[in-house]
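Participant: Sequence plus the predicted model coming up.
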Number of protein chains: 2
Amino acid sequence: MLSKAKIKYLQALQQKKNRLKENVFLVEGEKIVDEVLRQKLFNVHSIYATEAWINKNATILTPHETCLTTTTPNGLKKISSLKTPNSVLAVLEMPNYTSFVDKIQTSLNLVLENIQDPGNMGTIIRIADWFGIPHIFCSKGCVDIYNSKVVQASMGGFLRVQVHYVDLEALFQEHSTLPVYGAVLGGANAFKQSLKKPSFLLIGNEGKGLSAPIQKQITHKITIPKMGGAESLNAGVATGILCALFHQ
Amino acid sequence: MLSKAKIKYLQALQQKKNRLKENVFLVEGEKIVDEVLRQKLFNVHSIYATEAWINKNATILTPHETCLTTTTPNGLKKISSLKTPNSVLAVLEMPNYTSFVDKIQTSLNLVLENIQDPGNMGTIIRIADWFGIPHIFCSKGCVDIYNSKVVQASMGGFLRVQVHYVDLEALFQEHSTLPVYGAVLGGANAFKQSLKKPSFLLIGNEGKGLSAPIQKQITHKITIPKMGGAESLNAGVATGILCALFHQ
């Protein structure tokens, strides 16, 4: 049974400050919860699901029986962030990535400065997941990746891609041997460059692009050449095109 | 003054059937209306704006004085589809593209089957606008491009890119000499193909991909190679990557 106190607790998790305080976040939907339970990469804090879903998934639920709450569709509606609530919602502990420094030196690393739109952030995680990019480094001004819209738009990408909120200048300083490619207007034609890995690829804010101090960190300014009339590309699309060029 | 009847008429234009009946659509925002008035590509049916905006834009408004209505911010709130209404909204006549067949034979042509998400459709128009792709051909099952979310996401792209709703099979039959590249799972590696223009590039529905009858029209099945764990890429991102490869 879903108590009033539980409903209040789960609704509060829609806010970043409460997620951080509790060190947990929400995922919704049959497919994603199924994947979370099978992969066992995340610690499951609690699961809220309809009786029908629980009956269908008895086997994978065995290790989580103690944290399982049977919930009516109406109860799920109260705790869901979706317009059409799904039959299951899980509360997961935020991961604590500690040993990742070695992988930085072998791959393309995405670096985001102040990406604001949850849909763009989710799309970028999904792109990283497609191209097998293990890490995304975000400035502290980026949208929270545990925002429910980001989790949904990432289509499970957060299960495989490690996202870190860091001081970007310190990051570049620590790995000063790696080239830093920056997506800017008026850089070298990205189609004609030899884009090398391991490296960093730096993507800026949707409206403002990269800030002046961060632009100073760039070793290779690159631009997707424009042949038409548009002023800019969507941040997710630009990231997708550049990631494709790096993996071509 | 904004009469009650006008408010009702403008609110009704949020629906496709009313837009089609009246042969008009809405655009919102200072930047886009300014561009529309300067370019003179679209017939302006009417303009609703705050006094401050009208005073600032007197010169470009001279030819449109008879169809201009001074509106309070509160009035704009009633007719706007945006969360934060802008200071100007314009009603434009839908364009009637008649003489475009020649350009098909010289460019990459985007062809969309049942793209449903307004954000994706707007993003794809913006991509076409960036790469100078003059035409997008949509199946009748695609979202209406005069949906306000599409217009906003296209970032003015609808001013330069011509979008046509057509029978796709008839289109391919009429231009049967052009190659038809289709984005599918399990096609040839798009990074290794020589992607030629003039041609068609066919993109399918977000969840279902391309339908079986439309897949039969493809002459070159192509795929963006996957290196990680994601099941798919967002339709807008996939379109952006493939368009970049065609223009590389």
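Facilitator: Okay, I see it.
Participant: helix/strand/coil for A:Arg38?
Facilitator: Of the three states, A:Arg38 takes helix according to DSSP: H, G, I helix; E, B strand; the rest coil.
Participant: So which bits of chain A are right by chain B?
Facilitator: Within chain A, the positions near chain B by CB under 8 Å from any CB of the partner chain are A:119, A:123, A:126-133, A:153, A:155-157, A:159-161, A:191, A:224-234, A:236-241, A:244-245, A:247-248. Using the backbone N, CA and C atoms, a C-beta is placed for each residue, glycine as well.
Participant: Using CSV, list the CA coordinates for the strand ranked longest in chain A.
Facilitator: In terms of residue count, the longest strand belonging to chain A (DSSP state E) is strand A:180-189. C-alpha atoms of strand A:180-189 as CSV (Å, rounded to 0.1, in the frame of the first residue of the first chain):
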residue,chain,number,x,y,z
VAL,A,180,40.4,19.7,-26.6
TYR,A,181,38.1,20.1,-29.6
GLY,A,182,35.5,22.9,-29.1
ALA,A,183,32.4,23.3,-31.2
VAL,A,184,32.2,27.0,-32.0
LEU,A,185,31.0,29.3,-34.9
GLY,A,186,33.8,30.2,-37.2
GLY,A,187,36.2,27.4,-36.3
ALA,A,188,38.0,25.1,-38.8
ASN,A,189,35.7,23.0,-41.1
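Participant: Give me the buried positions along that strand.
Facilitator: A:Val180, A:Tyr181, A:Gly182, A:Ala183, A:Val184, A:Gly187 (16 or more other CB atoms under 10 Å in any protein chain shown).
Participant: just these now: which is nearest chain B?
Facilitator: Proximity of these to chain B (CB to the nearest CB) peaks at A:Ala183, which lies at 12.9 Å.
Participant: Can you give me the separation between the closest one and A:Arg38?
Facilitator: 36 Å (CB to CB, to the nearest Å).
Participant: Then A:Lys21?
Facilitator: 29 Å.
Participant: Same question for A:Val111.
Facilitator: Distance, A:Val111 to A:Arg38, using CB to CB: 31 Å.
Participant: Show me which of these two is the more surrounded one.
Facilitator: Taking other CB atoms under 10 Å in any protein chain shown, A:Val111 and A:Arg38 do not tie; A:Val111 has more neighbours (25 against 9).
Participant: And the pLDDT at the more buried one?
Facilitator: We have a pLDDT of 98 for A:Val111.
Participant: For the helix or strand it falls within, name the packing helices and strands.
Facilitator: Using DSSP states H and E, the element containing A:Val111 is strand A:108-112. Helices and strands touching strand A:108-112, by 3 or more CB pairs under 8 Å, 6 or more residues apart in numbering or on different chains; DSSP states H and E, are helix A:118-131, strand A:135-138, strand A:199-203, helix A:235-247.
Participant: one more time with 7 Å
Facilitator: Counting contacts by 3 or more CB pairs under 7 Å, 6 or more residues apart in numbering or on different chains; DSSP states H and E, strand A:108-112 is packed against helix A:118-131, strand A:135-138, strand A:199-203.
Participant: could the ones you listed be laid out in TSV, adding distance to A:Thr50, mean pLDDT and mean neighbour count?
Facilitator: As requested, those are arranged in TSV below (distance: least, CB to CB, whole Å; pLDDT from 0 to 100; neighbours: other CB atoms under 10 Å in any protein chain shown):
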stretch	distance to A:Thr50	mean pLDDT	mean neighbour count
helix A:118-131	26	97	26
strand A:135-138	34	96	23
strand A:199-203	40	98	24
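Participant: Of the ones you listed, which is nearest B:Leu202?
Facilitator: Distance to B:Leu202, taken as CB to CB, is lowest for helix A:118-131 among the helices and strands packed on strand A:108-112, at 20.0 Å.
Participant: and the closest one, what does it pack onto?
Facilitator: Judged by 3+ CB pairs under 7 Å, 6+ apart, helix A:118-131 is in contact with strand A:108-112, strand A:135-138, helix A:148-153, helix A:235-247.
Participant: who touches the first one?
Facilitator: Which is strand A:108-112. Strand A:108-112 is contacted by residues A:124, A:128, A:133, A:135-139, A:142, A:168, A:197, A:199-203, A:246 when judged by CB atoms under 7 Å, 6 or more residues apart in numbering or on different chains.
Participant: Neighbouring strands of that strand in the sheet, and parallel or not?
Facilitator: Strands that pair with strand A:108-112, judged by DSSP bridges, come out as strand A:135-138 (parallel), strand A:199-203 (parallel).
Participant: All set now, cheers.
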